[in-house]
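# Kindly return the folded structure for what I paste below:
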Amino acid sequence: MRRKRKVKILATLGPTSNTAEAISELFLAGADIFRINMSHATHDEMRRLVKLIRQVESDHRRPIGILVDLQGPKLRIGEFANESIEIEAGQKFILDSDPAPGDEHRVQLPHRDVMESLLPGHMILLDDGRVRLKVLTHEGDHVVTEVISGKKLSNRKGVSLPNTTLHTSALTPKDRRDLEAALGETIDWVAMSFIQRPDDIAEVRKLARGRAGVLAKIEKPQAVEQLDEIIELADAIMVARGDLGVEIPVEKVPGIQKRITRAGRAAGKPVVVATQMLESMITAAAPTRAEVSDVATAVFEGADAVMLSAESASGEYPVEAVKMMNSIAEAVEREQYYPNIINAQRPEPLATGADAITAAARQIAETLSLGAIVCFTSSGSTGLRASRERPFVPIVALSPVRSTARRLSLVWGLHCVVSEDVMNIDEMVDRACRIAHEEGFAVPGERIIITAGVPFGTPGSTNLLRLAFVSPDGMTGV
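Numbers count the residues shown, from 1 in each chain. Now for the predicted structure:
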């Protein structure tokens, strides 16, 4: 199951892909990690999907990652007496705490923390930005707004607050229950939605206690403003362009995507680009040319993974969508300009032994045209540093910890293999050569380069670099 690309594919599961057969098809088509969206899945459904993914993993003998995506705070207005209203730009409109059905002049905003945080001049976006309100005055239990744009508003439409920082946690009571249930299963990543500040990530990390990696979804302008601090606390980052494009002018989203991708790579943290990548394939068997270019741009930028949402969860062509994304990624990585673009974005190594070792491994491997870089990684840190270098030589990540191998399935360029820990350097060389040969990365007589930490089994101690020949029988190093 060697992929012919470095970027990974994250596929969301849903009504059209929630069976063992469908998950297996998606994996064979190119999906490396699966997303379970807790906005729609119950705890029982989440547990069932985890079990099915692990069954597929066992059938194909390859580590597969699982990401559970928490819903986050979903803000909505109340309901109207006639289900919908017509409004005009320039008119006054009131948001209040009264649960009575609304009309052309007012409607309930059933979120006390939001009401308390709104200030004059703040913008309120309703129904994915189709209706825009500007706060004029805040008067106790209600705010008076002016309609800036929009003509129709109906029941329970979503609320976005581009200027308002909420003082409550981004982790709702539902999220806490979902997180507790997910951490009881063999999941690898948990995604935090609608974060605004680093404290939101710190709260999830405290609850997760290392049982899963924490992925921060960047979809609010407040999070963009504190990007560096959030990246420092998170284990991975997602450019969630759907909600980000509602609260930030859409023309700014591509630049923010590039900024996040480069910042994540510089920090050695995986970056996922998500939302509407092949949107038309929800109902069509082929994407638009613009969508193909969008996926290609993310691959050229060096993103660790690209994500499918409704395309693979509820669309009519889930397998075809994964195959298409796989084909686009393979084609981009074969382009003559791809190496130059990736090289131009390479950050300088940090002043650590691990960075010096991995940077040297990349340079030696590319100079000598080696078969592979084989890294022994217990905690995953060695694999992350190797990926940060974006070498054009394949990276084989060997880990004695199955959960580490699964978690690294999100990371650019890593071919993960679960393997018993080694006890000495001779065993390390033999194991690396044998697996590189068995997995199809090196032929007898070809050289590989090995990175590891001594003493073996000590997390974060990358300090060893070794060149080795794959012997004629492909089983031992020389």
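
# From now on I want contacts and neighbour counts done on CA atoms only, so please keep to that.
Will do.

# domains of the protein?
8-72+170-338, 84-160, 353-469 (automatic domain parsing).

# and Gln345, which of these is closest to it?
domain 8-72+170-338 (7.3 Å; Cα to Cα).

# now do the same end-to-end measure for that closest one.
16 Å (Cα to Cα, to the nearest Å).

# I'd like the distance from Asp141 to Asp113, if you could.
Distance from Asp141 to Asp113, by Cα to Cα: 11 Å.

# List the residues that contact the spatially most central residue of the chain.
The centroid of the chain falls nearest to Val272 when counting by Cα atoms, centre = their mean (3.7 Å). Residues in contact with Val272 (Cα atoms under 8 Å, 6 or more residues apart in numbering) are 236-239, 303-307.

# Can you tell me which of the residues you listed is nearest Phe93?
Val239 (33.2 Å).

# For the closest one, the count of nearby residues, please.
24 (other Cα atoms under 10 Å).

# For the helix or strand hosting it, the averaged confidence score.
Per DSSP states H and E: Val239 is located in strand 236-240. The average pLDDT for strand 236-240 rounds to 98.

# sec struct for the residue nearest to the centre of the chain, please.
Three-state call for Val272 (DSSP: H, G, I helix; E, B strand; the rest coil): strand.

# got it, and Gly440?
Classified using three-state DSSP, Gly440 is coil.

# Now do Arg5 against Gly302, distance only.
12 Å.

# Can you pick out the residue with more neighbours from those two?
Gly302 (25 against 19).

# Could you find the closest non-adjacent residue to that one?
Ile342 (6.3 Å; Cα to Cα, 6 or more residues apart in numbering).

# what about the one you found, which helix or strand?
Using DSSP H and E, Ile342 falls in helix 338-344.

# now Arg466
Assigned by DSSP H and E, Arg466 falls in strand 462-469.

# which helices and strands does that strand pack with?
Counting contacts by 3 or more Cα pairs under 8 Å, 6 or more residues apart in numbering; DSSP states H and E, strand 462-469 packs against helix 353-367, helix 425-438, strand 447-453.

# Closest to Phe456 out of the contacts of Val272?
Ala236 (26.3 Å).

# So what pairs up with that closest one in the strands?
Leu215 (DSSP bridges).

# Now do the contacts for it.
213-216, 264, 269-272 are the contacts of Ala236 under Cα under 8 Å, 6+ apart.

# circling back to that earlier point, for the domains of the chain, give me a markdown table that also has distance to Gly78.
Formatted as a markdown table, those follow (distance: least, Cα to Cα, whole Å):
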| stretch | distance to Gly78 |
| --- | --- |
| domain 8-72+170-338 | 19 |
| domain 84-160 | 5 |
| domain 353-469 | 39 |
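
# closest to Pro347 out of those?
Among the domains of the chain, domain 8-72+170-338 sits nearest to Pro347 (Cα to Cα), with 5.5 Å.

# Distance from that closest one to the middle of the chain?
4 Å (Cα atoms, centre = their mean, to the nearest Å).

# residue ranges of the strands in the stretch 251-400 of the chain, please?
Remark: strands assigned in the stretch 251-400 of the chain by DSSP state E, counting those that start in this stretch are 271-274, 305-308, 373-376, 395-399.

# so of those strands, which one's packed in deepest?
The highest average neighbour count among these, using mean count of other Cα atoms under 10 Å, belongs to strand 373-376 at a mean of 28.

# Can you tell me which helices and strands it packs against?
The contact analysis (3+ Cα pairs under 8 Å, 6+ apart) places strand 373-376 against helix 353-367, helix 381-388, strand 395-399, strand 447-453.

# got the CA coordinates for that strand in PDB?
Coordinates of each C-alpha in strand 373-376 appear next as PDB, following Å, rounded to 0.1, in the frame of the first residue of the first chain:
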ATOM      1  CA  ILE A 373      15.200   7.900   4.600                       C
ATOM      2  CA  VAL A 374      14.300   5.500   7.400                       C
ATOM      3  CA  CYS A 375      13.500   7.100  10.800                       C
ATOM      4  CA  PHE A 376      12.900   5.300  14.000                       C
END
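
# Which strands border it, and is each parallel or antiparallel?
strand 395-399 (parallel), strand 447-453 (parallel).
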